[in-house]
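> next one to model:
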Amino acid sequence: MLLAPYCLDTLFSFFLLAETLLIHSLNRRLKVLVPCLKQAEIYKKNKPFYDEYKALPPRKQKKYVVEHKRELDLFKSANSYLNKHRNKDGKIPVAAWVKERDNLLKEKKEISKSTMSLSERLRQIDRIRKMARETLPKQPQRNRG
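Numbers count the residues shown, from 1 in each chain. Coordinates of the predicted model:
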């Protein structure tokens with residue numbers, strides 16, 4: 001008679017594990033996307049300084065580097081990081097990254113809601129099981145032999 005709650009408990013536990021693993025894989029992808037987006041922002045913000053530096057004649061470049069060393073260093077660092085993550089065309093796919101990040105966050109939120117629902121169901125099953133144990137009379141042990 002108490003078999004059904006145990007089966008449901010196992011089934012819910014399996015789904016809970018599957019959802020936990022899915023959230024873990026989403027988090028791994030987000031750990032790649034978030035730094036890429038941050039570096040893309042730094043790249044975009046500091047690229048005008050680099051473009052201006054490159055447009056200057058060589059004799060004025062040294063003075064410009066002294067005045068804008070921080071911006072140029074940030075640009076070079078971001079550019080170096082993003083070179084590893086460019087698409088096949090050599091472009092930085094910021095729009096695609098933003099879209100993917102937003103989709104992953106939305107999916108993660110939906111899974112988290114579902115996981116909370118499953119956790120509540122497991123708690124309900126545990127309460128029902130406990131009440132059934134308390135309510136049902138103790139059945140004598142059968143001797144096997």
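> quick one: low-confidence parts of this protein?
For the chain, the stretches flagged by pLDDT under 70 are 1-9, 11-13, 16, 115-119, 125, 137-145.
> show me what contacts the closest residue to residue 101 other than its chain neighbours?
Ranked by Cβ to Cβ, 6 or more residues apart in numbering and with sequence neighbours excluded, the top spatial neighbour of residue 101 is residue 33, at 4.8 Å. Yep, even glycine has a C-beta here, placed from its N, CA and C like the rest. Residue 33 is in contact with 97, 100-101, 104, counting by Cβ atoms under 8 Å, 6 or more residues apart in numbering.
> any of those buried? List them.
By neighbour count, with 16 or more other Cβ atoms under 10 Å, the contacts of residue 33 hold 97, 100-101, 104 as buried.
> wait, which of those is closest to residue 73?
Taking Cβ to Cβ as the measure, residue 73 lies nearest residue 97 of these, at 23.4 Å.
> that closest one: helix or strand, and which one exactly?
helix 94-135 (DSSP states H and E).
> chain center to that helix: distance?
Chain-centre distance of helix 94-135: 16 Å, with Cα atoms, centre = their mean, to the nearest Å.
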